[in-house]
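A.B. asks: predicted model and sequence below, questions to follow.
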Amino acid sequence: MEIFDWDRVLFNELPSNFLLEVIFRSLVMFIVLILALRITGKRGVKQLSIFEVVIIIALGSAGGDPMFYEDVGLVQAIVVFIVVISLYRLVTWLVGKSKWFQTLIEGKTVWVIEEGRFSIEKFAKEDLAQDEFFSELRVESIEHLGQVQNAFLEPSGEISIFYYSDNDVKYGMPLLPHLFNNKSEIIPAPGIYACTFCGYTRHLGPGKASCEICKGIEWVEAIKTIRRN
């Protein structure tokens, strides 16, 4: 094989007029893909369940190959689309009929923050990255966990947040990097501190301490600022 054979690199040894067929194939598959997505609904990307993401990937693969591979026929690709959309409709119907099947396919809502601290067991099961989760909360102008009464991780991946009123805000673990990064195993002075693992707050004196909830040993000074919208 000749290196940098431009006819092979650019056209894969196919005649240049095959580009007209590629244009036709792309047009047909683009229309089929639009129709398929129209059938599946109008939900945004963040609202898609894992199952729906799989459907989108399958449709993308089935739609892309026939656009430029001369050995992949349009009819076969359209049959794949019909099968995938039919399966989607079947699964959607089963989801509406069975709560167990809905949970299996789409997952369930997880209670991740309860009364200003992490629900440790549920949070850990979701394998959430702490930095990413903190970032999600900071986007909502949350400075510390004491501002959050409850938070839920929805099956779509979105986080539903319920706030304390200004009068009910508690001391909480800071989410701002310049404050959270001051965590330490040594309590430097008496005050209210938050466990950096679960967010539990308590008054501590100088020295070392273990969290009563999660047995964590790192603490950071808690804050009690009111949420700024």
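C.D. replies: In hand now; what should we look at?

A.B. asks: and the gap between the residue most central in space within the chain and residue 70?
C.D. replies: With distances taken as Cα atoms, centre = their mean, the residue of the chain nearest its centroid is residue 157 (4.2 Å). From residue 157 across to residue 70, the span is 39 Å (Cβ to Cβ, to the nearest Å). In short, each C-beta sits where N, CA and C put it, glycine included.

A.B. asks: what of residue 54?
C.D. replies: Distance, residue 54 to residue 70, using Cβ to Cβ: 28 Å.

A.B. asks: could you measure from the residue nearest to residue 212 when sequence neighbours are not counted over to residue 172?
C.D. replies: Nearest residue to residue 212, sequence neighbours excluded (Cβ to Cβ, 6 or more residues apart in numbering): residue 200, at 6.8 Å. Using Cβ to Cβ, residue 200 is found at 10 Å from residue 172.

A.B. asks: which neighbours do those two share?
C.D. replies: 117, 194 (Cβ atoms under 8 Å, 6 or more residues apart in numbering).

A.B. asks: those two: who's more crowded?
C.D. replies: Shown here are residue 200 and residue 172; by other Cβ atoms under 10 Å, residue 172 has more neighbours (26 against 23).

A.B. asks: over to residue 87. Which of the three states is it?
C.D. replies: When classified by DSSP: H, G, I helix; E, B strand; the rest coil, residue 87 comes out as helix.

A.B. asks: pLDDT score assigned to it?
C.D. replies: Per-residue confidence for residue 87 comes out at a pLDDT of 82.

A.B. asks: distance-wise, check it relative to residue 81.
C.D. replies: Look at residue 87 and residue 81: by Cβ to Cβ, they are 11 Å apart.

A.B. asks: those two: which has the busier surroundings?
C.D. replies: residue 81 (20 against 13).

A.B. asks: list the contacts for that one?
C.D. replies: By Cβ under 8 Å, 6+ apart, residue 81 lies in contact with 32, 33, 36, 59, 62, 63.

A.B. asks: repeat that for residue 62.
C.D. replies: Residue 62 touches 77, 80, 81, 84, counting by Cβ under 8 Å, 6+ apart.

A.B. asks: and for residue 91?
C.D. replies: By Cβ under 8 Å, 6+ apart, residue 91 lies in contact with 51, 105.

A.B. asks: tell me which element it is part of?
C.D. replies: Here residue 91, judged by DSSP states H and E, is contained in helix 74-97.

A.B. asks: and for residue 202?
C.D. replies: With DSSP H and E as criterion, residue 202 is part of strand 201-204.

A.B. asks: by mean pLDDT, point me to the weakest helix or strand of this protein.
C.D. replies: When each helix and strand of the chain is scored by mean pLDDT, DSSP states H and E, helix 120-125 comes last, with a mean of 62.
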